[in-house]
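[1] When you get a sec, could you give me coordinates for this:
(one chain, ligands or ions: 1)
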Amino acid sequence: MNQSNLTISLLQMDIEIGEPDRNFANLTLMLSKAIKADPKPDIIIFPEMWNTGYALEQIQQLADLEGERTKRFISQFCLEHDVNIIAGSIAEKKGDEVLNTVYVFNRQGELTADYSKIHLFRLMDEEKFLASGDQIGKIQIDEIPAGVMICYDIRFPELARKLALDGAKILFVPAEWPNPRLHHWRTLLMARAIENQMFVVACNRVGISGKAEFFGHSLIIDPWGEIIAEGSEEEEILTATLSMSDVDQVRARIPVFEDRRPEIYKL
Ligand SMILES: O=C(O)CCC(=O)C(=O)O
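    Next up, the predicted model:
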């Protein structure tokens, strides 16, 4: 493990609405391909709600109970293949509620963090069927401080800034971001990278679900705001290696964090 370089693979997958078994099968196939890449990934990330898609009317029945199925499967895979996984997000049933939750597993197959989407997206009726999280997604991957936000969360710069102030050098974003807002997707992700001088790794899905079309265009953006890799509009695995020293170099070049004046704007 070389902590100055991190290789990341994004599974830009199609998701079948309301079909967890088929989605698990597809994910298993994509994972088995991703792990064979050269260089081998240090981290693999999936899109948002990859187990059920937005089957919100049936989400109480379909959601993974306490995430047990997902946790068992991902933990075993991480341990077997010595890899970290940011397990997309899934529909997770907890008591009477369903949350949109990301699990983070380390190379030993241990669950090191979870994060449930804070900002529910009303255009897709999320708030009618899902409960929101109330903790920020502060994580560590191979001892590198990082953060997680889910899809609509990227419209809230305060959340990304809080994660950056808490030390995050990479922001991971699982998403199901549909047409026609490609322009918002790319611009918001680039802005989060530039303003916080951190890597942004955003994994979107592809395919059609009801009236929604998902365009892929998963992105890996460096702390200067340059796109290192961008997905097509088809199912694919996108891989890139991040040079972690880029974060310190950009922060030294334009010292945004030293020049902030929070006492004036109180954010
Ligand atoms: O903010 C957007 O335009 C898309 C958000 C979204 O699709 C989601 O959060 O699931």
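[2] quick one: secondary structure of residue 74?
    helix (DSSP: H, G, I helix; E, B strand; the rest coil).
[3] Report the contact partners of it.
    Residues near residue 74 by C-beta atoms under 8 Å, 6 or more residues apart in numbering: 85, 87, 103, 105, 109. All C-beta atoms are positioned from the backbone trio N, CA, C, and that covers glycine.
[4] Turn the residues you listed into JSON lines, columns for secondary structure, distance to residue 186 and neighbour count.
    Below are those laid out as JSON lines (DSSP: H, G, I helix; E, B strand; the rest coil; distance: C-beta to C-beta, whole Å; neighbours: other C-beta atoms under 10 Å):
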{"residue": "85", "secondary structure": "strand", "distance to residue 186": "25", "neighbour count": "26"}
{"residue": "87", "secondary structure": "coil", "distance to residue 186": "25", "neighbour count": "27"}
{"residue": "103", "secondary structure": "strand", "distance to residue 186": "27", "neighbour count": "22"}
{"residue": "105", "secondary structure": "strand", "distance to residue 186": "29", "neighbour count": "25"}
{"residue": "109", "secondary structure": "coil", "distance to residue 186": "35", "neighbour count": "19"}
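[5] quick check, nearest of the residues you listed to the ligand?
    Nearest to the ligand among the contacts of residue 74 is residue 87, at 16.9 Å by C-beta to the nearest ligand atom.
[6] distance of the nearest residue to that closest one once chain neighbours are set aside from residue 11?
    Sequence neighbours aside, residue 103 is the residue nearest to residue 87 in space, at 4.4 Å (criterion: C-beta to C-beta, 6 or more residues apart in numbering). Residue 103 sits 15 Å away from residue 11, taking C-beta to C-beta, to the nearest Å as the criterion.
[7] quick one, what contacts residue 94?
    Listed by C-beta under 8 Å, 6+ apart, the contact partners of residue 94 are 66, 131.
[8] list the buried ones in stretch 243-254?
    Within stretch 243-254, the residues scored as buried using 16 or more other C-beta atoms under 10 Å are 244, 246, 247, 250, 251.
[9] just to revisit the earlier point, save the contacts of residue 74 as CSV, and put in distance to residue 132 and pLDDT too.
    Listed next are the contacts of residue 74 as CSV, based on distance: C-beta to C-beta, whole Å; pLDDT from 0 to 100:
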residue, distance to residue 132, pLDDT
85, 24, 98
87, 19, 98
103, 17, 98
105, 23, 98
109, 28, 98
